[in-house]
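> what follows is a predicted structure for the sequence shown.
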Number of protein chains: 2
Amino acid sequence: MLSKKTKYALKALQYLARAKDRGPVLIAEIAEQERIPQKFLEAILLELKKEGFLESRKGKGGGYFLARPPEGVTLGAVVRKMEGPLALLPCVSQTAYRRCDECVDERTCGLRMTMKDVRDRTSEILDSTTLADVESRVRQAAAAARAGAVEYEI
Amino acid sequence: MLSKKTKYALKALQYLARAKDRGPVLIAEIAEQERIPQKFLEAILLELKKEGFLESRKGKGGGYFLARPPEGVTLGAVVRKMEGPLALLPCVSQTAYRRCDECVDERTCGLRMTMKDVRDRTSEILDSTTLADVESRVRQAAAAARAGAVEYEI
DNA sequence: CATTAGTCCACTTTGTTGATAGGATAGATT
DNA sequence: AATCTATCCTATCAACAAAGTGGACTAATG
C-alpha cells in the first residue's frame, strides 16, 4: 500500500496538471477540491518542491505550480521520491539496490527471481505513465461514461 | 517494500518446502540456515501456523512442517496474510477493497485506473507462483550456473 | 506599512517494525 | 513420575514513520 502522503502527493500533482494554464494555485484550493487535510498537504507540497516537481510563488497571487510539463512527470518518479523503491525486496531495486543481510546466495534466491518479475511489471507501468497520460485516460473514461449514459437514456 | 517479517516468512516456508520429506524441522535449524533471528522467527512461524500454512509438533523430535504440499501455497496468499493487500491503493484491492475517504469520484479517478493495472500485473505473478514453482526455478538457475561454469572452464 | 500568502520549525499522537527475555505448557523418553 | 525438549505465550523495548497541529517567520503586493 502507498502511504497517504504519497497518494495525496499524486492527487495534488494531478490537480496542478489539470490547472497548468491557470497560474499558481493555492494550497487551500487543492486541499478543498481534493479533500486533503490542508496542513498535511502543506508539508507534502513543500517536499514535492524540494524534489523538483513543483515551484511556488510567495505573497499575493502566489501558490504552487508544476515545475515541468505534465508529459515530463511519471508516476514512478513521484512514488520513488515519496514512498521509496518500487521493489518488494531491496535486492531487486533498480534505484536503491541493497543486498539482503541474511541472504546466503543471491544468485540462486528463488524469492528474488519472482520479486524481480513483479518489480519489472510494476516499473514498466509506473515509469511509462505520466501525469498527462493519466489525464487523457480520465477524459476518455468520462467520455465513455457520457456515451453510456446517452445510450441508457435512448 | 515487504517487511522483514514477510520476507522471513517466505524464506522459512521455502526452507520447509525443500525439507518436506524430512519430517518436523527445528526453529533453530531454519534460523541458523536462513540467518533469521531465532526469537523473531519463532513468532513468525507461530503466525504462519495460525494462518494455516504450517503445522507443528512439540517435544523431542518435534518442529515445524508444511500443512499443505508446496504446490498448494502461492506467494500471493502468504504476502496477503503477513503483509496485507497487494494493491497500492485500498480502492483497487480485490481482497480488501475500501473506498478512499477523500475520493470525489472513483469511476473517473485516473490514479485508480493506473494502480489497478499495477495490482493486476502483481497478482497475476504472485497468485500463480507456488513454493514448488519457486523451488523449480531455483534448481533451473543452479543447473544453468553449473552449465555456464563448465562452459567457462572448457 | 498592512495584508495576504507561503515557508519553516517544533511538537504530538498513534501505530508498526524488528527484536529480546523469561517462563509456561505439552509431548516424548527414560 | 521425572526429565528432557521444543513449541507456545506474555511482556517489554527502542526506533521509526504516519498523520497530523500550532505557531512563528518571511516575502511580495498594493
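Structure's in. What do you need?
> how about the helices in chain A?
A:4-18, A:27-34, A:38-50, A:75-83, A:110-126, A:131-153 (DSSP state H).
> which parts of the shortest one are buried?
In terms of neighbour count (16 or more other C-beta atoms under 10 Å in any protein chain shown), helix A:27-34 has its buried residues at A:27, A:30, A:31, A:34. Backbone N, C-alpha and C define where each C-beta goes, glycine included.
> the third one and DNA strand D, how far apart?
Residue A:31 sits 10 Å away from DNA strand D, taking C-beta to the nearest atom of the strand, to the nearest Å as the criterion.
> surely that residue and residue A:38 touch.
Yes. At 3.9 Å, residue A:31 counts as touching residue A:38 under the criterion of C-beta atoms under 8 Å.
> check which helices and strands the worst-scoring helix or strand of chain A on mean pLDDT sits against.
Sorting the helices and strands of chain A by mean pLDDT, DSSP states H and E puts helix A:131-153 at the bottom, at a mean of 84. Applying 3 or more C-beta pairs under 8 Å, 6 or more residues apart in numbering or on different chains; DSSP states H and E, we find helix A:131-153 packed against helix A:4-18, helix B:110-126.
> how big is the angle separating the shortest one from helix A:27-34?
I take that to be helix A:4-18. 100 degrees (axes from the mean of the first three to the mean of the last three C-alpha atoms, to 10 degrees).
> does helix A:4-18 come close to DNA strand C?
No. Using C-beta under 7 Å from any atom of the strand, helix A:4-18 never reaches DNA strand C; the gap is at least 11.7 Å.
> contact partners for the closest residue to residue A:63 other than its chain neighbours?
Distance criterion C-beta to C-beta, 6 or more residues apart in numbering or on different chains; nearest residue to residue A:63, sequence neighbours excluded, is residue A:24 at 3.2 Å. Each residue near residue A:24 by C-beta atoms under 8 Å, 6 or more residues apart in numbering or on different chains is listed here: A:56, A:57, A:61, A:62, A:63, A:64, A:65.
> please repeat the previous calculation with a cut-off of 7 Å.
A:57, A:61, A:62, A:63, A:64, A:65 (C-beta atoms under 7 Å, 6 or more residues apart in numbering or on different chains).
> what does chain A have sitting close to DNA strand D?
So chain A meets DNA strand D at A:3-5, A:37-40, A:43, A:57-61, A:83 (C-beta under 7 Å from any atom of the strand).
> may I see the buried residues of stretch A:77-97?
A:77-83, A:85-93.
> same check on stretch A:55-70?
A:56, A:63, A:64, A:65, A:66, A:67, A:70.
> and DNA strand C, which of these contact it?
A:56, A:63, A:64.
> before we move on, back to that, closest one of the buried residues of helix A:27-34 to residue B:107?
Using C-beta to C-beta, the shortest approach to residue B:107 within the buried residues of helix A:27-34 belongs to residue A:34, at 16.3 Å.
> may I ask which two of the residues of chain A next to DNA strand D are separated the most?
Most distant of the residues of chain A next to DNA strand D, by C-beta to C-beta, are A:60 and A:83, 34.5 Å apart.
> so where's chain A shaky on pLDDT?
By pLDDT under 70, the weakly predicted segments of chain A are A:151-154.
> enumerate the residues of it near chain B.
A:1-2, A:7, A:10-11, A:14, A:34-36, A:75, A:84-85, A:88-89, A:102, A:104, A:107-108, A:110-111, A:113-114, A:117-118, A:121-122, A:125-126, A:129, A:134-135, A:137-138, A:141-142, A:145 (C-beta under 7 Å from any C-beta of the partner chain).
> one more pass at 6 Å, please.
A:2, A:10, A:35, A:88, A:102, A:108, A:110-111, A:113-114, A:117-118, A:121-122, A:125, A:129, A:134, A:137-138, A:141-142 (C-beta under 6 Å from any C-beta of the partner chain).
> what are the buried residues along the least confident helix or strand of chain A?
Those would be A:131, A:133, A:134, A:135, A:137, A:138, A:141, for helix A:131-153 by 16+ other C-beta under 10 Å.
> from the ones next to DNA strand C among the buried residues of stretch A:55-70, which is closest to residue A:50?
residue A:56 (10.8 Å).
> list the residues that contact the closest residue to the closest one other than its chain neighbours.
Nearest in space to residue A:56, with sequence neighbours left out and distances taken as C-beta to C-beta, 6+ apart, is residue A:64 at 4.9 Å. Neighbouring residues of residue A:64 by C-beta atoms under 6 Å, 6 or more residues apart in numbering or on different chains: A:25, A:45, A:54, A:56.
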